[in-house]
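Next input, structure requested:
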Amino acid sequence: MSRSARPVTVLSIIRDCLDALLHPSARSDALMRARHRAFMAPRLLGSLGAFAAFPIYLAMRGAPSAVEVAAFAWLIAPILLSWFLSRTGRYEGAHVLSSLALAGLIMAVAGSTGGIESFAAVWLVVVPLEAALSASRRVAAFASLLALSCAGLLILLGQLGWLPSADISAAERGALMACGVVSATLYAAGLAFGAQSLARTSVALLSREEERYRLLARNMSDVISRHQRNGAVQFISPAAEAMLGLPVAQLLGHGLFDRVHVADRPAYLTALSDAARGEVRSVEFRLRREADGAERGQVDFLWVQMRCRPLDQDMGHNSDRDVAREAEVVAVMRDITDHKLSEQALEQARSAAEAADAAKTRFLATMSHELRTPLNAIIGFSEMIAQEQALMLGAAQRREYAQLINDSGQHLLSVVNGILDMSKMESGNFEIASEPFAPRASLLHCCNLLALKARENGIDLITDAPHDLPVMTGDPRAFKQIVLNLVANAIKFTERGGQVSVSAAVTGSQLMLRINDTGVGIAPDDLQRIGAPFFQAGKTYQRRHEGTGLGLSIVKSLVALHLGELTVQSRLGEGTAVTVKLPLVYTPPQARPAESKIATLTPALRQEFQGQEFQGQELQGQELQDQARDQSQDQPALVKKSA
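I've put the predicted structure just below:
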């Protein structure tokens, strides 16, 4: 039933009247409201009841004595005390004034009715009992000291004979003493019931608050924990079970610390120690998550951010020594794994953008040289032929110049064709024309084309192609382009007197080509980037060998289109070994449009090329496309060959 619809009773009316008298500071706190009501209710009701009974008392008793007048006058004090509490909200101050008023009344009555032997002296015991309801040690101590002082003063005044003698009989004295004891006992019983009521209210409010906090803790995704200075967990919220996948009980003590990544433990303990000294700290570390049943044996770490601060201590209830000894920390932990992944993605995107910018610079530097050189030759020699009469050129010179123009044009065409091939592979328009062919004949043809270049460079070119190599199904032109690029690269980067060997063998359902050289080798840093478009090992502006850097990139893409594997192993100064594995029977996959493209010049592939570990690692192609062109003339004067 709602508050507005509850039945109207005498108790509800009294409760509403008392609530109207409460100080604003007490209305927002349920426990303080109960204490203020418990203070005002007995005093107001008792005083009003006594005033209502005063006329009846006068009618039955007659003219009152001075003591009786003083006692009834004291009934005004509880009303004044309630007014004081209602106006100021000073709960402890009201209890102090109440103790003074009660002690004053007891002293006045006891002083005129026999001193310490008076029936009123028994009420001195009630003074500290009443003060105990304040829940304040200071008020209770003051009331106890006040009661003892009043008792001592009554004894002293009685010994000195400064108190008037009580003109009452022994029977009356006994009756009054009995009344005093009974009334004091009843009042003390009322105080006990009041204390019990306050305690019950306090427990109910505490249970309600605990349930509220429990509900909040159960529904929060963040984990709240309470730690000692050494990191031991005293409390941790239920959200930890969802975060780490194990019961909360296993995280208490040093259970949470045991799940912190070993490398992050110093930072974790330092943050807690600093927080225990009064500082606010934030730290990020990794926590080991309990693997699910299907993932047993796997180690799964998640990133969490922990913000910790010292736990507020109630200085009114704890000594400085206790606070220093029991310094504790409250921490809030949040799963930031997704945030960390986003940071890594942003860092990778930044690296890819920087790599793209570097690739553009490298491309411009390479192309400016690779295009300018043949164009200058074409323009220069064509101008000389145009001025043959002035220069008096002979037929032999004209043929030589024409051949140089043709060679320069062929070199320029090979550069442009290489770029076009890469562009086709990137856009998904590079198609593979699959047909049966003899790989041994194609391999020997390519080696024969490059034999002269190897001889001119003083390099031994050794070919090992068994006669029993089976016929394979694939694109013969793409196969030749792969062999030409790899062998030409091996010759180009091998010093005079070196050796290049080309071998072929069948392994299972694949044809394995292996090209070994005794050349300059590749540095580990450059090895990771081999295969990136326009990349050539060594510094761009200091390299000793010509070329666009497209050869191995084209090979890599063609091998991927054939669903093959490419492995590059090398050591600086010792040579390089390149292994290519191609399926003997090429089966075109059912490629979807989104999967039919081989990215080559995009930042995404640059990132892939730069991050790929080629040493002892295989590159597997996922798609297939048709048509490759013969590049026997796409390697402009790259090789010299010895006998």
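
Pretty sure V330 sits in a helix.
No - under DSSP: H, G, I helix; E, B strand; the rest coil, V330 sits outside any helix and is assigned strand.

and it, how many neighbours does it have?
When neighbours are defined as other CB atoms under 10 Å, V330 has 16 of them. The way it works is simple: take the backbone N, C-alpha and C, and place the C-beta from them, glycine included.

can you check the one 10 residues further on too?
Applying other CB under 10 Å, we find 16 residues neighbouring K340.

So which other helices or strands are in contact with the helix or strand hosting it?
Using DSSP states H and E, K340 maps to helix 337-386. The contact analysis (3 or more CB pairs under 8 Å, 6 or more residues apart in numbering; DSSP states H and E) places helix 337-386 against strand 300-310, helix 395-427, helix 603-611.

rerun at 10 Å
Packing contacts for helix 337-386, counted by 3 or more CB pairs under 10 Å, 6 or more residues apart in numbering; DSSP states H and E, involve strand 281-289, strand 300-310, helix 388-391, helix 395-427, helix 603-611.

Nearest to H23, out of the ones you listed?
The closest of the helices and strands packed on helix 337-386 to H23 is strand 300-310. By CB to CB, the value is 32.2 Å.

quick one: that closest one to chain centroid distance?
Using CA atoms, centre = their mean, to the nearest Å, the distance from the centre of strand 300-310 to the centre of the chain it belongs to is 7 Å.

Run me through the strand neighbours of it, direction for each.
strand 281-289 (antiparallel), strand 328-335 (antiparallel) (DSSP bridges).

could I have it exported to CSV, CA atoms only?
This file holds the C-alpha atoms of strand 300-310, laid out as CSV (Å, rounded to 0.1, in the frame of the first residue of the first chain):
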residue,chain,number,x,y,z
ASP,A,300,44.0,-16.3,-22.4
PHE,A,301,45.0,-12.8,-21.2
LEU,A,302,42.8,-9.8,-21.2
TRP,A,303,43.8,-6.2,-20.7
VAL,A,304,42.2,-4.3,-17.7
GLN,A,305,42.5,-0.8,-16.4
MET,A,306,42.6,-0.4,-12.6
ARG,A,307,41.9,2.9,-10.9
CYS,A,308,42.7,2.7,-7.2
ARG,A,309,42.5,5.2,-4.3
PRO,A,310,42.8,5.0,-0.5
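
buried ones in stretch 63-77?
Buried residues in stretch 63-77, counting neighbours by 16 or more other CB atoms under 10 Å, are found at 71-72, 74-75, 77.

now, which of these sits nearest G93?
For the buried residues of stretch 63-77, the nearest to G93 is A77 (14.4 Å; CB to CB).

That closest one against S99, yeah?
No - contact criterion CB atoms under 10 Å: A77 and S99 do not qualify, at 11.3 Å.

just to revisit the earlier point, closest one to V260 among the helices and strands packed on helix 337-386?
Between those, strand 281-289 lies closest to V260; by CB to CB that is 5.9 Å.

Run the chain-centre distance for that closest one.
That offset, for strand 281-289, works out to 7 Å (CA atoms, centre = their mean).

Quick check: F363 touching I419?
Yes - here F363 reaches I419: they are 9.3 Å apart, a contact under CB under 10 Å.

coming back round to it: give me the mean pLDDT for the helix holding K340.
Averaged across helix 337-386, pLDDT comes to 81.

How far off centre is it?
For helix 337-386, the distance to the chain centre is 38 Å (CA atoms, centre = their mean).

What are the structural domain limits within this structure?
Annotated domains of the chain cover 7-211, 221-312+320-335, 342-643 [automatic domain parsing].

mean pLDDT for these: which is lowest?
domain 342-643 (a mean of 73).

If we go by neighbour counts, what in the strand or helix carrying L146 is buried?
Secondary structure from DSSP H and E places L146 in helix 137-160. Neighbour-count burial for helix 137-160, counted by 16+ other CB under 10 Å, picks out 139-140, 142-144, 146-147, 150-151, 154, 157-158.

Please report how far L81 lies from H95.
9 Å (CB to CB, to the nearest Å).

In contact with the most centrally placed residue in the chain, which residues are there?
When CA atoms, centre = their mean is applied to the chain, the residue found nearest the centroid is I336 (2.2 Å). I336 is in contact with 284, 302-305, 342-343, counting by CB atoms under 10 Å, 6 or more residues apart in numbering.

quick one, phi psi at it?
For I336, the backbone dihedrals (degrees, to the nearest 10) come out as phi -120, psi 20.

now L75
The phi/psi pair for L75 (degrees, to the nearest 10) is phi -60, psi -20.

shouldn't it be in contact with L45?
No - under the criterion of CB under 10 Å, L75 is not in contact with L45, lying 11.5 Å apart.

in the stretch 1-150 of the chain, which spans are helices?
10-21, 24-27, 30-61, 66-74, 76-88, 91-112, 126-132, 137-160 (DSSP state H, counting those that start in this stretch).
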